[in-house]
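Asks: Whatever this is, show me its structure:
(one chain, ligands or ions: 1)
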Amino acid sequence: MPCLPDVPASFLVAHTRLTCPPLVPEVQLHVADDVVALWEAMETEGVGAGDAPPFWAAAWPGGQALARYLLDSPATVAGRRVLDLGSGSGLVAVAARLAGATSVLASDVDPCSHTAIRVNAEVNGVSGVAVVGDVLDGDPPDVDVVVAGDVCYDRDMTSRVLPFLWTAWTRGATVLLGDPGRKYLPGEGLVAVATYDVSDVDEAQPRRTTVWRMP
Ligand SMILES: C[S@@+](CC[C@H](N)C(=O)[O-])C[C@H]1O[C@@H](n2cnc3c(N)ncnc32)[C@H](O)[C@@H]1O
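Replies: Modelled structure (predicted):
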C-alpha cells in the first residue's frame, strides 16, 4: 500500500533538504539525504510508510537528464500540454513549465509524491501543474508531449509503461524518456537525443544517462 493520501506538506518540508539537483541548478527540490531514514520516519511518525520507498524524495538521474533537456530545448514543450509520467518529486514537471509548457499533468501512483509535486512546484514559483494517480491502464490523456524520467527501474513497471508510451506515440504525442542505462529498457525503436553524466542518489560515480525519443 502507498502511504496515506494526506501526508502533510509540513512533514515533507521538515524531513527533507531544499537543494538544486546537480544537473538542474535552475530548479529547487526538497530531497532526503537518507531515503531509508525518511521512510522509517514516515512509519514512526504516523504518516504511513507503504511498501515502496519515498522515490519522491530524490532527483533520479533520468529525471535530471530530462529536465536538463527540456530547459535547454524549450521548443520541445513550449506552448504544449505535457504529461509527466512517474513524476516523483515533480522535477520534470516543474522543468516543463519553466520551459514554457502550457500545462502539465504529473502522474504518480504514490500520493506522497502528489504532496511533493505541489510543494516543489510552489517553491519554484510554478503553477499549472495538476496531479493525478496511475493512468497506465487507460487511454493516454489528451496531451502533446509525454515525458518519463527513470520509469524503467523494474520489470513490472517497464512492462506497463512501454505499451502506454507507444500508444501515446501512435496517437501523435512526442514521447521522451530519461534513462540511466537500466537493463529493462530496450533501446530498439528509440532515438537518443541527448546524453549526460548525472550524479545519482547514492552512487559514487556519475551515471551516463540518455534522453530517448520515440521516433
Ligand atoms: C525512479 S522514480 C522517478 C521519479 C522522477 N521521474 C525522477 O526522475 O526523479 C519512479 C516513480 O514512478 C512512480 N510510479 C510507479 N508506478 C507508477 C504508475 N503506475 N504510475 C505513475 N507513477 C508510477 C513511483 O512512485 C516513482 O515516483
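Asks: Which secondary structure state does the residue in the chain positioned nearest to the ligand sit in?
Replies: Residue nearest to the ligand within the chain: G63 (2.1 Å; C-beta to the nearest ligand atom). Bear in mind the C-beta positions are built from the backbone N, C-alpha and C, glycine included. Following DSSP: H, G, I helix; E, B strand; the rest coil, we place G63 in the helix state.
Asks: Next: L83.
Replies: Applying three-state DSSP: L83 is strand.
Asks: One more: G138?
Replies: coil.
Asks: again with R118
Replies: helix.
Asks: One more: V27?
Replies: Under three-state DSSP, V27 comes out as coil.
Asks: what's the pLDDT at the nearest residue to it once chain neighbours are set aside?
Replies: Leaving aside its sequence neighbours, V27 sits nearest to V94 (C-beta to C-beta, 6 or more residues apart in numbering; 5.4 Å). pLDDT for V94: 98.
Asks: quick one: which helix or strand includes V94?
Replies: Using DSSP states H and E, V94 maps to helix 91-98.
Asks: helix, strand or coil for the most centrally placed residue in the chain?
Replies: Central residue of the chain (C-alpha atoms, centre = their mean): S87, 3.0 Å from the mean position. Classification of S87 by three-state DSSP places it in coil.
Asks: and this structure, which of its residues are near the ligand?
Replies: 55-56, 59-60, 62-63, 85-89, 91-92, 107-110, 113, 134, 136, 149-151, 153, 157 (C-beta under 6 Å from any ligand atom).
Asks: same thing but 8 Å
Replies: 2, 52, 55-56, 58-64, 66, 84-89, 91-92, 107-110, 113, 133-136, 148-151, 153, 157, 160-161, 178 (C-beta under 8 Å from any ligand atom).
Asks: Which among these count as buried?
Replies: Among these, those classed as buried by 16 or more other C-beta atoms under 10 Å are 2, 55-56, 58-64, 66, 84-89, 91-92, 107-110, 113, 135-136, 148-151, 153, 157, 161, 178.
Asks: Number of residues surrounding H15?
Replies: Neighbours of H15 under the rule other C-beta atoms under 10 Å: 18.
Asks: ok, now which ones touch it?
Replies: A32, L38, A41 (C-beta atoms under 8 Å, 6 or more residues apart in numbering).
Asks: how about those residues in CSV, adding secondary structure, pLDDT and neighbour count?
Replies: Shown next, in CSV, are the contacts of H15 (DSSP: H, G, I helix; E, B strand; the rest coil; pLDDT from 0 to 100; neighbours: other C-beta atoms under 10 Å):
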residue, secondary structure, pLDDT, neighbour count
A32, coil, 95, 20
L38, helix, 90, 22
A41, helix, 88, 18
